[in-house]
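Chemist: Sequence and predicted structure below; questions after.
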Amino acid sequence: MISLSALCLSLLSLFSSLLYDYYFLRISVSLAVLENEKNILILLCFTQLVMSLASVPCYSRYAGAVCCVFLTDQMSSAAADTKSGGGKEVDYTGTNLANAAAASLAAVNSKSASGGASGSGSGSGSGDAGVPATATSGTGTGSADSKQKLIASTDHIYLIGDSVLDNFIWLAHPKEKNLHSQLRSVATDPKTIWNFAVDESTTADVLIGKIPGPNYVHGRKQFGLEQYPTDPSDGKTYPLELVSAAVAKLDQKGGAGGKKAERGIAVVSAGGNDARVNLQYFMSGGAEAVRDAMDRATPRTHKGFTENTKIIVTELLKRTPYVVLVVCYLPHKSFFGGMMNTAGADKFRSQLLKFANHIRDTVILPLARTHKLPVIDLSRTFNSDDGTHYGRGGGASPIEPSDLSTRFIVDLIVKITHEFKFGSDESKVYFGTDPNAITVVSNGPETVTAAGSSGGGGGAPVSATPCAAL
């Protein structure tokens, strides 16, 4: 007969193991495609029980759980693509989406102008996030005069990609400190700042649209933020078509494409989730296996990460000549320690740097050089040893920006809008945490730096790292 204390200890052990596996999977696989987090817990319980009965070591249990959820992810994506005609040749400029995108854009703009948060049942506000009437600054986050507006009314900023830009849910103050709100707080006209980014987006999602995850939709409602601009026919956000619709409005005023002063500036951060959904390959083949998996053709776009990234830039440049690329950051050090022992963490970190160098040196920087585009380098801005640079300010979300580091991104965007001359300047790389001392270097082959191990706090010359955010 099992004693009550032994039973309680067994249940506690199983619960602790579930929590640890959940943490690992939350940073390794997509939750949005599973509709809700109950499904992932069911999958975890199943893999835990089966593999525990089979006396499978814990590290292998993680691998099994990842594979289980990964298969569900792929099946969900395939089903969604089949429903939306994913087997056909992809058309990134389909006019069938133009009207829906324009309508979505108009709906969001209307609610923003009227001071209401779309879908919000709570929260007070004036538009997106109760945007402050004046620019704000916090410790280490900038020293702009509270009455100074840093983004001109002629600059329209379009955020495109993943949670580096759509980061509200990971912040200590989601309503006021998300990137969209902080940019609006320093904009002469807050309505010129647009969020077309969707958390968990891959490069394929940027190209052919993504249904925002229910947790993010609910979070926006909870915090009183504007909802994602989606096509009512399928619930997807189509970033490229939204940019088309937004730039078309500037064209009507003669302001797009450099004809007059108004500019539509697309800031793009994508690729981290391409790596995330392929992390299971790291367990068998290391960084090279993940890199190879990312570049395999997928049913969604018939291409992999590298080609998708090139197409994103090409398609955006058809819509606006003003495009800013983002190189992302190394996760906080707790990310590695939370997954494995010290030796395993050091190996993983080393492999991640190797992988990151490839992404930066062979994809992002050469692409920016070819098209003479500015680059925001967060790998030399965030410090992976400093918890205040990561979600909720103490490293609690080790792969997401914090309130503080979100302001770094704001300052870098502002710097580019003020100084970079699109069309005439050669590509440049921007990084740093002090808005009064942002480092700007030429994006030549000599820009490549040796791999570093501690992140890029304050502009330290370290290796670029993959987009860690999900």
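Modeler: Cool, got the structure. Residues are numbered from 1 along each chain as shown.
Chemist: C-alpha only now, for contacts and for neighbours.
Modeler: Noted.
Chemist: For S427, list the residues it contacts.
Modeler: When contacts are counted by CA atoms under 8 Å, 6 or more residues apart in numbering, S427 touches 368-369, 371-375, 442-444.
Chemist: need these in CSV with distance to I193, neighbour count and pLDDT, can you?
Modeler: Listed next are those as CSV, based on distance: CA to CA, whole Å; neighbours: other CA atoms under 10 Å; pLDDT from 0 to 100:
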residue, distance to I193, neighbour count, pLDDT
A368, 23, 22, 97
R369, 26, 18, 97
H371, 24, 17, 97
K372, 23, 20, 97
L373, 20, 26, 98
P374, 19, 29, 98
V375, 19, 28, 97
S442, 28, 15, 95
N443, 27, 21, 94
G444, 31, 15, 84
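Chemist: Run a quick check on I169 versus N215, I expect a contact.
Modeler: No: taking contacts as CA atoms under 8 Å, I169 lies outside contact range of N215: 9.1 Å.
Chemist: The contacts of S427 in helices, which ones?
Modeler: Residues from the contacts of S427 lying in helices, with DSSP state H as the criterion: 368-369, 371.
Chemist: quick one, which of I169 and N215 is more surrounded?
Modeler: Using other CA atoms under 10 Å, the more surrounded residue of I169 and N215 is I169, with 20 against 15.
Chemist: Excluding chain neighbours, what is closest to that one?
Modeler: Here the nearest residue to I169 in space, its sequence neighbours aside, is G219; by CA to CA, 6 or more residues apart in numbering that works out to 6.7 Å.
Chemist: I'd like the distance between that neighbour and G213.
Modeler: Distance from G219 to G213, counting by CA to CA, to the nearest Å: 10 Å.
Chemist: who's more crowded, these two?
Modeler: Neighbours around G219 and G213, counted as other CA under 10 Å, are more numerous at G213. The numbers are 20 against 17.
Chemist: how close does that one get to L225?
Modeler: For G213, the distance to L225 (CA to CA) stands at 15 Å.
Chemist: related to what we said a few turns ago, just put the ones in helices among the contacts of S427 in JSON lines and tack on distance to M294.
Modeler: Output for the ones in helices among the contacts of S427, formatted as JSON lines (distance: CA to CA, whole Å):
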{"residue": "A368", "distance to M294": "20"}
{"residue": "R369", "distance to M294": "23"}
{"residue": "H371", "distance to M294": "23"}
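Chemist: closest to K318 among these?
Modeler: Among those, H371 lies closest to K318 (CA to CA), at 12.0 Å.
Chemist: Tell me who's in contact with the closest residue to I160 other than its chain neighbours.
Modeler: Distances taken as CA to CA, 6+ apart place A197 nearest to I160, at 4.2 Å, with adjacent residues excluded. The contact partners of A197, by CA under 8 Å, 6+ apart, come to 159-163, 165-166, 239.
Chemist: farthest-separated two in those residues?
Modeler: For the contacts of A197, with distances taken as CA to CA, the pair at the greatest spread is S163 and P239 (14.2 Å).
Chemist: for the stretch 151-300 of the chain, what are the low-confidence residue spans?
Modeler: The stretch 151-300 of the chain contains residues with pLDDT under 70 at 253-261.
Chemist: after the one helix or strand L242 maps to, next one along is what?
Modeler: L242 is part of helix 239-252, with elements assigned from DSSP states H and E. Using DSSP H and E, the helix or strand that follows helix 239-252 in sequence is strand 263-269.
Chemist: Walk me through which strands that next one pairs with, and which way each runs.
Modeler: Each strand paired with strand 263-269, and its direction, by DSSP bridges: strand 155-161 (parallel), strand 322-327 (parallel).
Chemist: Turn these into CSV, columns for distance to S185 and mean neighbour count.
Modeler: Rendered in CSV, the data for the strands paired with strand 263-269 read as follows (distance: least, CA to CA, whole Å; neighbours: other CA atoms under 10 Å):
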stretch, distance to S185, mean neighbour count
strand 155-161, 13, 25
strand 322-327, 20, 23
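Chemist: wait, which of these is closest to T230?
Modeler: Distances from T230 to each of the strands paired with strand 263-269 were compared using CA to CA; the minimum, 13.9 Å, belongs to strand 155-161.
Chemist: could you point out which element follows that closest one?
Modeler: In the C-terminal direction from strand 155-161 (assignment by DSSP H and E), the next one is helix 174-177.
Chemist: Who are the packing partners of that next one?
Modeler: Counting contacts by 3 or more CA pairs under 8 Å, 6 or more residues apart in numbering; DSSP states H and E, helix 174-177 packs against no other helix or strand.
Chemist: Kindly format the C-alpha coordinates of that helix as PDB.
Modeler: Taking Å, rounded to 0.1, in the frame of the first residue of the first chain, the C-alpha atoms of helix 174-177 are listed here in PDB:
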ATOM      1  CA  PRO A 174       2.400  45.900 -21.400                       C
ATOM      2  CA  LYS A 175       0.100  48.900 -22.000                       C
ATOM      3  CA  GLU A 176       2.500  51.700 -21.800                       C
ATOM      4  CA  LYS A 177       5.900  50.200 -22.600                       C
END
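Chemist: And the next helix or strand past it?
Modeler: Remark: after helix 174-177, the chain's next helix or strand is helix 179-185, criterion DSSP H and E.
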